[in-house]
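Asks: Next one to model:
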Amino acid sequence: MGMRNEFRGLPARVDRWLKEHGIGRDCILIVGVSGGRDSMALLACLHRIGQPLAAAHVNYGLRGVESDGDQALVEAWCQQSSVPFLVHSSSTLDATDGVQSAARNVRYEWFEALKQSQEGEAFIATAHHADDQAETVLLHLIRSADPLALAAMKPWVESQGLLRPFLDVPRSMITAWVEEEGIPYRDDSSNAKPDYLRNRLRNEVLPLLEDLRPGTAEHLGRWADRWQTLAEHIEKDLMAALQRC
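Replies: Residues are numbered from 1 along each chain as shown. Coordinates of the predicted model:
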């Protein structure tokens, strides 16, 4: 019989996930932290279990004093918890493909640079959770012509050293743990605006689907899991065919 996990609740779940994926305590995690509930929860969980980490925050300055407030909250928590705090300011974005896409590119390019700068083995960790996965599946269903896109987000993208320990965790569980533990966070006011398609799926479509059939978000996430297995096999076959050609 294995040793009993000394952690409880969400930290125990994250600890177990890391062990299952071979991420030891000798690895450092660069955690993308916006200051929102989900990323602050992931940061706090990793700190609770003693995982070496650094908090990486990008201040785009898009929301003025709100953006500065996000940075201040993350920085204060890191200082209080003795966690390295890294910040990148990006006042200009190439929004040709949209602000969200541009911000994501800036964010992940910087995360990758931070990962490469570490002396030991390092990974990037983000707080995408099960409800985010359901939203991503819906997004691809209504706008993507590639059926493999239904694989959505992977829990571990080995080629990028990208980890998503919360990907099978529902938003409700994260919310409950944050409230119970008193983890500070800030709500991004832009998440409530209907300007972005993902926001409307999150705030209007998914709640309606859950009302029609409880468990819809979880079911959509399982579809992504099924498609990931298929996508891996198909991608291998495609690469083999290209090599033959």
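Asks: Do you have the strands of the protein handy? List them.
Replies: 28-32, 53-59, 85-89, 122-125, 156-157, 162-163 (DSSP state E).
Asks: Please name every helix or strand in contact with the longest helix along the chain.
Replies: Secondary structure of the chain per DSSP state H: the longest helix is helix 216-244. Using 3 or more CB pairs under 8 Å, 6 or more residues apart in numbering; DSSP states H and E, the elements in contact with helix 216-244 are helix 130-143, helix 206-212. (Glycine included, C-beta is placed from N, CA and C.)
Asks: deepest of the ones you listed, which one?
Replies: helix 130-143 (a mean of 20; mean count of other CB atoms under 10 Å).
Asks: what is the mean pLDDT for it?
Replies: Across helix 130-143, the average pLDDT comes to 92.
Asks: is it true that residue 11 touches residue 49?
Replies: Yes: contact criterion CB atoms under 8 Å: residue 11 and residue 49 qualify, at 5.2 Å.
Asks: Between those two, point out the one with more neighbours.
Replies: Using other CB atoms under 10 Å, the more surrounded residue of residue 11 and residue 49 is residue 11, with 22 against 18.
Asks: if we compare the helices and strands packed on helix 216-244, which one ends up closest to residue 79?
Replies: When the helices and strands packed on helix 216-244 are compared by CB to CB, helix 130-143 sits nearest residue 79, at 28.5 Å.
Asks: ok and the closest one relative to helix 216-244, angle-wise?
Replies: 60 degrees (axes from the mean of the first three to the mean of the last three CA atoms, to 10 degrees).
Asks: who touches helix 130-143?
Replies: Applying CB atoms under 8 Å, 6 or more residues apart in numbering, the external contacts of helix 130-143 come out as 146, 149-150, 152-153, 166-171, 197-198, 201-202, 205-206, 216-218, 220-221, 223-224.
Asks: that older thread, turn the strands of the chain into CSV, columns for mean pLDDT.
Replies: Below are the strands of the chain laid out as CSV (pLDDT from 0 to 100):
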stretch, mean pLDDT
strand 28-32, 97
strand 53-59, 95
strand 85-89, 92
strand 122-125, 97
strand 156-157, 92
strand 162-163, 96
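Asks: Arrange the ones you listed in CSV, one row each, with distance to residue 180 and mean neighbour count as further columns.
Replies: Below are the strands of the chain laid out as CSV (distance: least, CB to CB, whole Å; neighbours: other CB atoms under 10 Å):
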stretch, distance to residue 180, mean neighbour count
strand 28-32, 21, 25
strand 53-59, 22, 22
strand 85-89, 25, 15
strand 122-125, 22, 23
strand 156-157, 28, 15
strand 162-163, 24, 24
